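A.B. asks: Below are the sequence and a predicted model; questions follow.
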Amino acid sequence: MFSIHLQEYALDKYQGRKKYYGSLWEEIEEALGGCTEEEAVLMRFLYGTMPVRDAGEYDFQVFLKYVRHSLWLRRNVEWCRELAEDIFVHHVLYYRINTEDISDCREFFYEQLKERIQGLSLKEAVIEINYWCAENAVYEATDERTVSPMTMYRCGRGRCGEESTFAVTAYRSVGIPARQVYTPRWAHCDDNHAWVEVYLQDKWYFLGACEPEEVLNKGWFTAPANRAILIHSRTFSDYMINPSKEYMVQENLLTYYNNTSFYAKTDILTVVVKDQLGQSIEGAFVAVEILNMAEYFPAVTLTTDHNGEAKVVVGLGDVRVRAWKGESFGEKKVSLKASTKAELLLECCAEKTDWVTDNWEQEEFCAPTEYPLHPVQETKEQREQREKRLRDANKIREQRFAACYDEELESVYSEETGIFQTAGENISEIRAFLTKDENPDRRRMLHCLSVKDYKDLKADILEDHLVCEQGSLTDEVYEKYLLSPRVSKEELTPYRSFIRSYFREKKESFEKDPEQIWKYIKNTIHYDVEVDYRTICATPIGCLKIKQGNPLAQKILFVAICRSFNIPARLNPIMQVPEYLKEGIFTAPMDFREEEKTASLVLKVKEGSKWNYFQTWTIGKFKGTGFDTLNYEGRSFENNTLELLLEPGIYRLVTSVRMPNGDQHTSKRVFRLEEGKPKSIEMELWENKTEDVLVNYRLKDFSLQDSSGKEYRLSELAAEEFTVLAFLGVGEEPTEHVLNEILASVSHWKETAARMIMVLREQGELGNVTFQKVLENLPEIEVYYDKDMCCEKAAALMQVDTDKLPVLILLKKGLSGIYACAGYNVGSVELMLKLIQQ
């Protein structure tokens with residue numbers, strides 16, 4: 001069934017892993033002996049190309065089930081049988097899509113879908129499968145840990161990266177090639193996004209995961225994608241890569257493909273790197289950085305050729321390019337609309353610091369303008385069909401999860417009601433753990449987990465972590481840094497019993513001196529970046545099994561070993577270094593205490609100005625040839641002042657103000673901190689001018705209906721000085737973003753006298769979880785319904801898109817619209833607040 005080329009490629013890659021798999025190699029070899037010839041080829045392909053950590057985390061049989069299901073599809077499903085070999089292995093066989101937890105799931109998904117798509121054409125099947133996805137999962141803002149597709153099915157909610165992983169799994173389960181497509185950062189708003197492409201008749205088509213349309217190449221994100229700097233997809237091997245088609249860069253294990261030109265107007269950015277004598281430098285690294293969340297995010301890193309050049313296709317916006325080799329580096333802003341070529345001199349280094357100017361420098365970063373490439377329109381009949389089927393999908397999903405409600409459990413554990421509602425079908429695991437006995441640590445442990453943990457925790461794993469003693473520790477230290485099974489964003493495992501058994505002979509020395517734990521890790525756990533995926537990390541058990549783990553995994557392992565021997569430990573929330581409790585103070589191992597000196601930085605802001613970390617400002621520390629952003633999320637200015645105690649060194653402050661059109665006004669300041677020399681800096685933030693934002697369009701009066709059907713004229717409802725009129729697409733991702741922004745600014749809305757009117761399409765949307773949270777926090781919100789399609793007319797009068805939700809309109813008394821936006825506009829809620837308060 002498979003070509004000689006694939007057989008040889010798989011064998012070569014597999015044999016190259018022998019030195020990494022250690023004692024696991026013999027187990028794999030023995031298991032391969034029980035496989036058919038075809039199974040063995042694909043198993044070698046997987047074991048030869050997978051992130052090394054996966055081999056230590058998941059059993060051979062899990063991968064074998066993926067292989068056997070894909071082989072069955074190859075033999076029995078016509079559209080899969082006709083696929084080219086490389087498309088099959090990359091986009092049907094492969095078990096990993098991005099950073100998700102892996103579990104046996106393809107057969108389950110196939111069983112859910114097989115009858116539903118029977119007799120359909122390939123295109124019809126693609127559309128039908130996405131409706132099934134919508135019946136089982138919907139968008140919810142969550143943390144960056146990616147749950148498995150099975151967890152998404154059992155809880156029904158996840159962020160776009162999880163929705164797209166879920167949908168790709170559904171397509172691959174029936175033999176339809178699919179891949180996740182991703183923009184690492186938008187240029188026009190502080191966010192990112194992931195969606196799906198499917199392969200039909202030798203072409204890729206895009207769609208919104210769990211957001212079905214009646215036509216392909218259409219989604220709410222089509223317009224934002226028109227404005228992207230970079231959109232890419234990935235495979236976990238370079239098998240049969242054609243450099244002329246989509247290929248962008250090889251980053252260790254992963255091959256990245258540049259999909260930007262399929263979505264946006266693009267050009268080729270050429271970066272030429274030279275030394276101070278003007279000689280071209282081969283082998284220099286070049287990062288193309290997008291200003292987003294008040295930091296310069298490296299969207300892609302390239303390597304210069306023998307001419308000192310690195311090239312990449314990008315959207316026509318402003319980027320910062322940074323190049324480095326050895327200890328020298330250089331950087332500059334590039335405006336693609338003005339020039340597609342940039343020359344960088346590697347003239348800066350840590351030793352020669354004339355580039356540390358200690359002055360604010362201002363720049364404007366322009367986002368690409370919208371340039372529609374896929375003006376696909378649905379007919380009236382298609383829209384009505386889609387809306388009806390989406391309403392039905394929402395009801396099916398909501399009814400399934402409503403059936404998980406356990407009234408008896410909630411009556412006993414009333415404080416855990418929110419946990420039960422989040423868990424979905426995983427409530428059985430929580431019930432088993434909570435009700436096993438009266439140990440009060442059960443409830444304490446649950447409350448120190450992340451919200452996402454409730455969706456996929458296992459009772460037996462939590463049981464493993466109950467064996468610890470509080471002694472004289474405070475409740476906070478005990479619960480967060482000893483009892484808790486979670487260290488960072490790793491998958492939860494029963495590591496304590498494993499570690500205690502594994503280190504039985506070292507227990508006494510570890511307990512006596514935790515420094516020995518880090519010495520063991522440093523000497524025993526290795527990391528080869530070329531065979532791993534840097535955005536996922538091994539669990540403590542996986543690390544010890546194959547003696548491999550990236551830097552974060554090694555830090556997590558340190559914390560896990562400490563906690564297993566009843567030593568409170570954590571990752572420092574700002575610097576992310578491991579720390580253990582020593583004489584009441586969290587202390588890092590000696591290797592992380594290169595600088596025990598501290599320097600004081602006092603930041604001062606103007607009265608009334610608003611500062612949010614990862615939105616309007618960040619601070620980064622210089623390391624080697626670039627800046628690493630520190631994590632001060634949640635820290636606020638008190639009395640217009642914030643003091644930071646930092647290590648001596650070079651730092652960079654970045655501040656950013658987003659304009660309504662997506663452009664940014666930014667200021668940056670590079671400075672040095674020294675021990676014993678406190679430094680004070682006045683923060684600088686460009687202010688938007690109100691006249692740059694305001695419009696003045698008079699709306700025509702129209703009627704909205706309440707839940708009883710009674711009609712109200714807009715002129716009656718908008719009689720206050722300010723009225724926020726929001727036409728929502730409840731359950732859809734752009735509206736979820738708006739609702740979450742409102743939740744994040746509840747206290748500020750309460751301070752305004754603005755009237756808030758939210759307009760739904762039908763009463764079934766009222767039960768949406770996020771919408772209910774908004775109503776609970778802001779009960780003064782008035783809810784109406786739009787039976788007469790007034791949204792389109794209002795949007796047209798305000799000169800925003802008429803076919804995108806949500807539509808947000810800020811009205812002044814007298815039906816005067818002074819601001820409006822439609823669709824996906826991160827930051828629109830805060831902007832309306834600012835306009836009201838001015």
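C.D. replies: The structure has been received and is ready for your questions. Residues are numbered from 1 along each chain as shown.
A.B. asks: what residues are up against the residue nearest in space to the middle of the chain?
C.D. replies: A centroid search over the chain (C-alpha atoms, centre = their mean) returns residue 144, at 4.7 Å, as the residue closest to the centre. Shown in contact with residue 144 (C-beta atoms under 8 Å, 6 or more residues apart in numbering): 161, 489. C-betas here are computed from N, CA, C, even on glycine.
A.B. asks: ok, it to residue 620 distance?
C.D. replies: 19 Å (C-beta to C-beta, to the nearest Å).
A.B. asks: low-confidence ranges in the stretch 251-400 of the chain?
C.D. replies: Within the stretch 251-400 of the chain, no stretch has pLDDT under 70.
A.B. asks: What are the buried residues along stretch 472-492?
C.D. replies: By neighbour count on 16 or more other C-beta atoms under 10 Å, the buried set for stretch 472-492 is 473, 477-479, 481-487, 489-492.
A.B. asks: Quick one: end-to-end distance for that stretch.
C.D. replies: Counting by C-alpha to C-alpha, to the nearest Å, you get 27 Å between the two ends of stretch 472-492.
A.B. asks: mean confidence score for that stretch?
C.D. replies: Averaged over stretch 472-492, pLDDT sits at 97.
A.B. asks: Equivalent analysis for stretch 1-15, please.
C.D. replies: 96.
A.B. asks: Please apply the same query to stretch 432-446.
C.D. replies: For stretch 432-446, the mean pLDDT works out to 96.
A.B. asks: didn't residue 304 look like it was pressed against residue 312?
C.D. replies: No. Here residue 304 lies out of contact with residue 312, judged by C-beta atoms under 8 Å, at a distance of 11.8 Å.
A.B. asks: Identify the residue nearest residue 685 in space, chain neighbours excluded?
C.D. replies: Closest residue in space to residue 685, ignoring its immediate chain neighbours: residue 655 at 5.0 Å, by C-beta to C-beta, 6 or more residues apart in numbering.
A.B. asks: separation between the one you found and residue 609?
C.D. replies: Going from residue 655 to residue 609 by C-beta to C-beta gives 10 Å.
A.B. asks: got it, and residue 456?
C.D. replies: 41 Å.
A.B. asks: more crowded one of those two?
C.D. replies: Shown here are residue 456 and residue 609; by other C-beta atoms under 10 Å, residue 456 has more neighbours (23 against 12).
A.B. asks: Check what pLDDT the more buried one gets.
C.D. replies: Looking at residue 456, its pLDDT reads 97.
A.B. asks: Could you do the one 5 residues further on as well?
C.D. replies: At residue 461 the predicted local confidence, pLDDT, stands at 98.
A.B. asks: does it really touch residue 486, like I thought?
C.D. replies: No. Using C-beta under 8 Å, residue 461 makes no contact with residue 486, being 10.8 Å away.
A.B. asks: Tell me which residues of stretch 575-585 come out buried.
C.D. replies: Of the residues in stretch 575-585, those buried by neighbour count under the rule 16+ other C-beta under 10 Å are 577, 578, 579, 580, 581.
A.B. asks: Just the ones in strands from those, please.
C.D. replies: Mapping these onto strands (DSSP state E) picks out 578, 579, 580, 581.
A.B. asks: Would you convert those into TSV that also reports distance to residue 792 and pLDDT?
C.D. replies: Formatted as TSV, these follow (distance: C-beta to C-beta, whole Å; pLDDT from 0 to 100):
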residue	distance to residue 792	pLDDT
578	56	97
579	56	97
580	61	98
581	60	97
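A.B. asks: Looking at those residues, which is nearest residue 55?
C.D. replies: residue 578 (24.7 Å; C-beta to C-beta).
A.B. asks: rewinding a little: between residue 461 and residue 486, what contacts are shared?
C.D. replies: Taking C-beta under 8 Å, 6+ apart as the contact rule, residue 461 and residue 486 both touch residue 492.
A.B. asks: how many neighbours does the nearest residue to residue 693 once chain neighbours are set aside have?
C.D. replies: Leaving aside its sequence neighbours, residue 693 sits nearest to residue 660 (C-beta to C-beta, 6+ apart; 5.2 Å). The number of residues packed near residue 660 is 16, by other C-beta under 10 Å.
A.B. asks: what sits in contact with each of residue 655 and residue 609?
C.D. replies: 683, 685.
A.B. asks: where do the strands sit along the stretch 101-250 of the chain?
C.D. replies: Taking DSSP state E, counting those that start in this stretch, the strands of the stretch 101-250 of the chain run over residues 138-139, 157-158, 178-183, 193-200, 203-207, 232-235, 247-251.
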